[in-house]
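S.K.: When you get a sec, could you give me coordinates for this:
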Amino acid sequence: AMNAVVLSSRITLDGMSRCIRRVRKQWYQRRVQSTRSASPTRPGSPNFSGKWRLKTSENFDPFLQDCNVGILKRTAARVASSEHLIDQEGEHMKVVVKAAGLGSGKHQEYDVGSTFSETEINGETADVDTEWEGDGIRELHRTESFEYLLVRELEDDETMVLNLESPKGTKAKRIYKRVE
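M.R.: Down below sits the predicted model:
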């Protein structure tokens, strides 16, 4: 009877080991597939990864004015070259914005669907709520004195568009081209 219990325990343990190996293998396969797609929780979502350089701006100065940005910073922003370096893994975004002549730039790291904090061009701290909006990422920036909306979209594989809307409803567009 004792041998039957030992044998039964061994079969159960062997079965559990096989089950654990099968679950681990399935988890690993899902993990590999998710790192290959742009967004594991939103299959088919665009991948913004790359280096993007500003090509054109539309109505940016009035937008900045509505956001309490002074004339000196608006002038600098108008003539500065701007680059976005983006590393996206699924929902996780790392965005570095470099603008010549406008200080150290911005460093954002967040998961789409979360909130993060950053310092705006006028020096105020903003809470930024993020979410998917269609195939774009919607960012609502809120400071003590104003809020604005930014929607990041891919027009095609080589063109990223930032659509901006000020607290007063002024709309601006920043068009970036992929350089890497």
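S.K.: Please tell me I have it right and Asn59 contacts Ala172.
M.R.: Yes: the criterion here is Cβ atoms under 8 Å, and Asn59 meets it with Ala172 at 4.4 Å. (Glycine included, C-beta is placed from N, CA and C.)
S.K.: who's more crowded, these two?
M.R.: It is Ala172, of Asn59 and Ala172, that has more neighbours when counted by other Cβ atoms under 10 Å, with 21 against 14.
S.K.: Spit out the contact partners of the more buried one.
M.R.: Neighbouring residues of Ala172 by Cβ atoms under 8 Å, 6 or more residues apart in numbering: 57-60, 62-63, 163-166.
S.K.: Tell me the bridge partners for it.
M.R.: Here Ala172 sits in beta bridges with Leu164, going by DSSP bridges.
S.K.: So for it, what's the pLDDT?
M.R.: Ala172 is assigned a pLDDT of 95 by the prediction.
S.K.: One more: His107?
M.R.: If you check His107, the pLDDT there is 89.
S.K.: element containing it, please.
M.R.: His107 belongs to strand 106-111 when assigned by DSSP states H and E.
S.K.: Pull the residues that contact that strand.
M.R.: Strand 106-111 has contacts (Cβ under 8 Å, 6+ apart) with 91-97, 116, 118-119, 128, 130.
S.K.: closest to Val79 among those residues?
M.R.: Nearest to Val79 among the contacts of strand 106-111, counting by Cβ to Cβ, is Val97 at 16.2 Å.
S.K.: ok, back up a step: turn the contacts of Ala172 into TSV, including pLDDT and distance to Asp111.
M.R.: What follows is those, written out as TSV (pLDDT from 0 to 100; distance: Cβ to Cβ, whole Å):
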residue	pLDDT	distance to Asp111
Ser57	92	28
Glu58	95	30
Asn59	93	31
Phe60	91	28
Pro62	93	32
Phe63	91	27
Asn163	97	22
Leu164	95	22
Glu165	96	23
Ser166	92	26
